[in-house]
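# Structure for this input, please:
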Amino acid sequence: MNLKKYCLIAILTLFTQIGTAQEGLPIYSDYLTDNYYLIHPSMAGVANCAKVRLTARQQWFGQEEAPNLQTLSINGRIGDSQSAVGGIVYNDKNGYHSQTGAYLTYAHHLMFSRNEIDLNMLSFGLSAGFIQYKLDETEFLADGFDPIIAGVEQSATNFNVDFGFSYHFIDFYAHATIKNVLKNDGVNFNEQGLSYNNLRTYLLSAGQTFNKFRSDWSYEPSIMYMYRDATKESSIDINAKVYKKMDFGKVWGGLSYRRSFDGAEFLDGSGVSSQKLQYFTPFVGVDYNSFVFAYTYSYQANSIVFNNGGFHQLTLGYNFNCRREKYECDCPNVN
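Presented below is the predicted three-dimensional model:
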């Protein structure tokens, strides 16, 4: 097998681990910009404020048909009850593949503490929605006839659900979510050209915030583990985040490192080398009164990549219907 073919295999393998356009809402590092609800439905209504978040992500500037993603989410409590609702709409385009989806979420929060001073809460969340997949084959037949290519824009619309729970205890939190619980057939194909219908993904997250007494600084290490059932791929995010309280709100930033446990082989001179997907993602944000602004930059640190450019993302947010901070904890996702 020649060098070009090995390189192509390596690139395609890593590319599928980034988050393809056929699996539902892609899982990047945008959850770290005060947006855990994007990946965990049980986080709907956890905070003392209702939240609106708008994100826009662009990969590989200067490349035609480069992946891009836009999301809009909203979530909040139903009055003073323990129940909450939320919604997500998104548009994801990845070369000739694209998808548009919309989810509605219901979450319920159970307090285990005797009062609301001490935070001890278990939350459950269920999201249900529709995803429309598209595969544009109109440009595939430029070199002539191919019996397995229709030469049209294929589309399929599927229904799926996500389910998960979250646990908050003072400054500690943990989340577990199953995404795409149902099996669906769409325009999803593996390397043999066969359709597959298992898009189930498992997510586990945990973290804790540390703060010295009366200090304006707080620190939040966290991790997230992701496992894809169909391909048996897995990866881990190791995150570090810092907050600084200001008169107008808060400034914050951090760094995320994503490492895949699976890799690809390629020719390196006279031998064969392998590499695993690695991402470094710095991010910075500011909470100004009720508004949230954040910027995220992801860099793929591998020897063989499609493009040396990074992945840019902007997040705009607004908090409304805010209640007073109830809990004596350094828990920015809740207070």
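# any weak-confidence spans in the chain?
Within the chain, the ranges that satisfy pLDDT under 70 run 1-23, 60-65, 137-152, 185-196, 264-274, 302-309.
# and the longest strand seen in it, how far out from the chain's middle?
Taking DSSP state E as the assignment, the strand of the chain that covers the most residues is strand 249-268. Remark: strand 249-268 is offset 13 Å from the chain centroid, using C-alpha atoms, centre = their mean, to the nearest Å.
# helices or strands next to it in the packing?
helix 3-19, strand 233-246, strand 271-288 (3 or more C-beta pairs under 8 Å, 6 or more residues apart in numbering; DSSP states H and E). All C-beta spots, glycine's among them, are computed from the backbone N, C-alpha and C.
# repeat that with 10 Å
Packing partners of strand 249-268 (3 or more C-beta pairs under 10 Å, 6 or more residues apart in numbering; DSSP states H and E): helix 3-19, strand 217-228, strand 233-246, strand 271-288, strand 291-300.
# can you list these in TSV and add mean neighbour count and distance to Phe112?
Output for the helices and strands packed on strand 249-268, formatted as TSV (neighbours: other C-beta atoms under 10 Å; distance: least, C-beta to C-beta, whole Å):
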stretch	mean neighbour count	distance to Phe112
helix 3-19	17	35
strand 217-228	18	22
strand 233-246	17	26
strand 271-288	17	28
strand 291-300	18	29
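# how about a markdown table for those, with distance to Asn197 added?
Below are the helices and strands packed on strand 249-268 laid out as a markdown table (distance: least, C-beta to C-beta, whole Å):
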| stretch | distance to Asn197 |
| --- | --- |
| helix 3-19 | 16 |
| strand 217-228 | 13 |
| strand 233-246 | 17 |
| strand 271-288 | 24 |
| strand 291-300 | 29 |
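# Checking my notes, Ser42 in a strand, right?
No. Counting by DSSP: H, G, I helix; E, B strand; the rest coil, Ser42 is not found in a strand; it is helix.
# What residue, apart from its backbone neighbours, is nearest it spatially?
Closest residue in space to Ser42, ignoring its immediate chain neighbours: Gly125 at 3.4 Å, by C-beta to C-beta, 6 or more residues apart in numbering.
# That neighbour contacts Ile178, correct?
No. Contact criterion C-beta atoms under 10 Å: Gly125 and Ile178 do not qualify, at 11.1 Å.
# between those two, who's got more neighbours?
Neighbours were counted for Gly125 and for Ile178 using other C-beta atoms under 10 Å; Gly125 has more, 27 against 14.
# if we can go back for a sec, and the longest strand of the chain with strand 217-228, angle?
Here strand 249-268 runs at an angle of 40 degrees relative to strand 217-228 (axes from the mean of the first three to the mean of the last three C-alpha atoms, to 10 degrees).
# Kindly export strand 249-268 (C-alpha atoms) in CSV.
Provided in CSV are the C-alpha atoms of strand 249-268 (Å, rounded to 0.1, in the frame of the first residue of the first chain):
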residue,chain,number,x,y,z
GLY,A,249,-20.0,39.7,36.5
LYS,A,250,-17.2,37.2,35.8
VAL,A,251,-14.4,36.4,33.5
TRP,A,252,-13.3,32.9,32.9
GLY,A,253,-11.1,30.7,30.7
GLY,A,254,-9.4,27.4,30.5
LEU,A,255,-7.9,24.6,28.4
SER,A,256,-9.3,21.3,27.2
TYR,A,257,-7.3,18.3,26.0
ARG,A,258,-9.1,15.6,24.0
ARG,A,259,-7.4,12.2,23.3
SER,A,260,-8.8,9.3,21.4
PHE,A,261,-8.1,5.8,22.6
ASP,A,262,-8.2,4.6,18.9
GLY,A,263,-5.9,5.6,16.1
ALA,A,264,-4.8,5.0,12.5
GLU,A,265,-1.6,3.7,10.9
PHE,A,266,0.4,5.4,8.2
LEU,A,267,3.8,5.0,6.4
ASP,A,268,6.6,7.0,8.0
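# Direction included, what does it pair against?
strand 233-246 (antiparallel), strand 271-288 (antiparallel) (DSSP bridges).
# The last one vs strand 291-300, what angle?
What it means is strand 271-288. Using the same axes, to 10 degrees: strand 271-288 against strand 291-300 is 170 degrees.
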